[in-house]
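Q: no sequence for this one, just the structure:
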């Protein structure tokens, strides 16, 4: 066997050598490599002498005093929090709506009535989706640049969750021929993909890129206007249906 | 201890700030040690400790109990330290005379020091070790500290820093080579 490389010795020192037995055997027979290994051990053992300033037993409490006022409020998770389940439930209703259209053949009166109900469900679902999307876009647009990286893990997770619903609503809007809604959802989807695929922590430059994408399409404004329109239409549809009943 | 930490994490997740306080009190000292070894600077280490807990609090829902809570905290602290070291190095590079300062520190340490037995624990060697660690790149220092002082495996470090096993291994090799170059004139070469 040739002499053992420095890399093999480093891995041996840290107990991560995949060929430890072979290296050990070589060391027992090779004085030059033994000297090399002892030199490495001496240096690495010396590094351990680097001092670290001591922190007393009260240090944890001191850290807590410093950070406790800066902790953001945590949302308590419970099944009663409808907004966690609402998007998934509304998405399911939209799926049911689409499935119903394909399989159920009602008569004329039923068709008109069901169409109104379905339209309302879809409007409520899309309205809620746009509101949540608007919050994510606004968070990023208004984020403060600082030193180091910005943690956008919450926004990233929200964007991931919104993506599936967005695809479903966009496809539905295309099928129902609502080009305005379809176009806004199309633009929104591209930005949501960017956010969902971003790292959890981004630099100021990456934040600027995301902001530019949001700003270049006037997306935040469009989502706001569309959300408002959809909510108005949803309210009007509800009123119309209640009059019919 | 980890079982207790697990229950504290669960309580903290549901908004119990006393539970999070317990976690901060338990882990602050070890995070400080790690942060100081990474940054080599007391003030930066303090920043890392605070930022680590703030980030951990915001990301509690993403913590998975398959790794210990302390390992998860180490991961957050390492990544933040890495950012901090890189940022500091960039600032130092911008300063006209910044880069010569570390060399000056090295030059003030006498090379004709006494034999290894006497100096291993001496302050001169400690200063020299600190100076040698400061010569490492941010990536090399982080990978080396996690392997050498915290005993994390190369695979775990690669995962924590998102660099992969091979790149982590090479960072550690380069760090060891640089440390040897800096320290062998003082510590000597074993014969």
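A: Structure's in. What do you need? This structure is a prediction, so every number in the text was calculated from the model and none was measured. Residues are numbered from 1 along each chain as shown, chains lettered A, B, ... in the order given.
Q: where does chain B dip in pLDDT?
A: Per-residue confidence for chain B (pLDDT under 70) gives these ranges: B:1-6, B:66, B:90-123, B:188-191.
Q: run the last query once more with 80
A: B:1-6, B:62, B:64-67, B:83, B:86-126, B:187-191 (pLDDT under 80).
Q: Now do the contacts for the spatially most central residue of chain B.
A: Centroid-nearest residue in chain B, with C-alpha atoms, centre = their mean: residue B:38, separated by 2.6 Å. Taking C-beta atoms under 8 Å, 6 or more residues apart in numbering or on different chains, we find residue B:38 in contact with B:45, B:48, B:77-78, B:81-82, B:85, B:141-142, B:145. For the C-beta atoms, the positions are set from N, CA and C on the backbone; glycine is no exception.
Q: Now, of those, which are buried?
A: Neighbour-count burial (16 or more other C-beta atoms under 10 Å in any protein chain shown) applied to those gives B:45, B:48, B:77-78, B:81-82, B:85, B:141-142, B:145.
Q: would JSON lines of these with secondary structure be doable?
A: Shown next, in JSON lines, are the buried ones among the contacts of residue B:38 (DSSP: H, G, I helix; E, B strand; the rest coil):
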{"residue": "B:45", "secondary structure": "helix"}
{"residue": "B:48", "secondary structure": "helix"}
{"residue": "B:77", "secondary structure": "helix"}
{"residue": "B:78", "secondary structure": "helix"}
{"residue": "B:81", "secondary structure": "helix"}
{"residue": "B:82", "secondary structure": "helix"}
{"residue": "B:85", "secondary structure": "helix"}
{"residue": "B:141", "secondary structure": "helix"}
{"residue": "B:142", "secondary structure": "helix"}
{"residue": "B:145", "secondary structure": "helix"}
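Q: Would you reformat these as a markdown table and include distance to residue A:197?
A: A markdown table is the format used below for those (distance: C-beta to C-beta, whole Å):
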| residue | distance to residue A:197 |
| --- | --- |
| B:45 | 33 |
| B:48 | 28 |
| B:77 | 25 |
| B:78 | 23 |
| B:81 | 26 |
| B:82 | 22 |
| B:85 | 27 |
| B:141 | 29 |
| B:142 | 25 |
| B:145 | 30 |
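Q: What is the nearest of the residues you listed to chain A?
A: The closest of these to chain A turns out to be residue B:45 (C-beta to the nearest C-beta; 8.2 Å).
Q: quick one, what contacts the closest one?
A: Contact analysis of residue B:45 by C-beta under 8 Å, 6+ apart lists B:32, B:35-36, B:38-39.
Q: What are the structural domain limits within chain B?
A: B:1-94, B:98-186 (automatic domain parsing).
Q: so residue B:80 touches residue B:50, yeah?
A: No - if you go by C-beta atoms under 8 Å, residue B:80 and residue B:50 don't touch, sitting 9.9 Å apart.
Q: These two: who's more crowded?
A: Higher neighbour count among residue B:80 and residue B:50: residue B:80, with 26 against 18, using other C-beta atoms under 10 Å in any protein chain shown.
Q: tell me the contacts of that one?
A: A:148, B:48, B:51-52, B:55.
Q: starting at the chain centroid, how far to the host helix or strand of residue A:195?
A: Using DSSP states H and E, residue A:195 sits in helix A:179-196. With C-alpha atoms, centre = their mean, to the nearest Å as the basis, helix A:179-196 stands 16 Å off its chain's centre.
Q: Residue B:15: neighbouring residues, count only.
A: Neighbour tally, residue B:15, other C-beta under 10 Å: 14.
Q: Does it belong to a helix, a strand or coil?
A: coil.
Q: gap between it and residue B:60?
A: 10 Å (C-beta to C-beta, to the nearest Å).
Q: Same question for residue B:175.
A: 32 Å.
Q: Of these two, which one has the most company?
A: residue B:175 (26 against 18).
Q: in what helix or strand does the more buried one lie?
A: Per DSSP H and E: residue B:175 is located in helix B:165-187.
Q: in which helix or strand would I find residue 144?
A: Since no chain was named, I'll use chain A. Judged by DSSP H and E, residue A:144 forms part of no helix or strand.
Q: meant chain B, my bad for not saying
A: Going by DSSP H and E, residue B:144 is in helix B:138-148.
Q: Got the domain ranges for chain A?
A: A:6-47, A:80-244.
Q: for the helix holding residue A:195, packing partners?
A: Helix A:179-196 sits against helix A:108-141, helix A:153-175, helix A:204-216, helix A:219-244, with contacts defined as 3 or more C-beta pairs under 8 Å, 6 or more residues apart in numbering or on different chains; DSSP states H and E.
Q: if we can go back for a sec, buried residues, the helix holding residue B:175. List them.
A: B:168-169, B:171-176, B:178-180, B:182-183, B:186-187.
Q: so which of those also contact chain A?
A: Of the residues in these, proximity to chain A by C-beta under 8 Å from any C-beta of the partner chain holds for B:169, B:172-173, B:176, B:179-180, B:183, B:187.
Q: how many degrees apart are the helix holding residue B:175 and helix B:138-148 in direction?
A: Helix B:165-187 runs at 80 degrees relative to helix B:138-148, counting by axes from the mean of the first three to the mean of the last three C-alpha atoms, to 10 degrees.
Q: what about helix B:165-187, distance to the chain center?
A: The answer for helix B:165-187 is 15 Å, by C-alpha atoms, centre = their mean.
Q: Tell me where chain B has strands.
A: Counting by DSSP state E, one finds no strands in chain B.
Q: contacting residues around residue B:56?
A: B:23, B:63, B:72-73, B:76.
Q: circling back to that earlier point, can I get the domains of chain A in TSV including distance to residue B:67 and mean neighbour count?
A: Output for the domains of chain A, formatted as TSV (distance: least, C-beta to C-beta, whole Å; neighbours: other C-beta atoms under 10 Å in any protein chain shown):
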stretch	distance to residue B:67	mean neighbour count
domain A:6-47	19	16
domain A:80-244	16	16
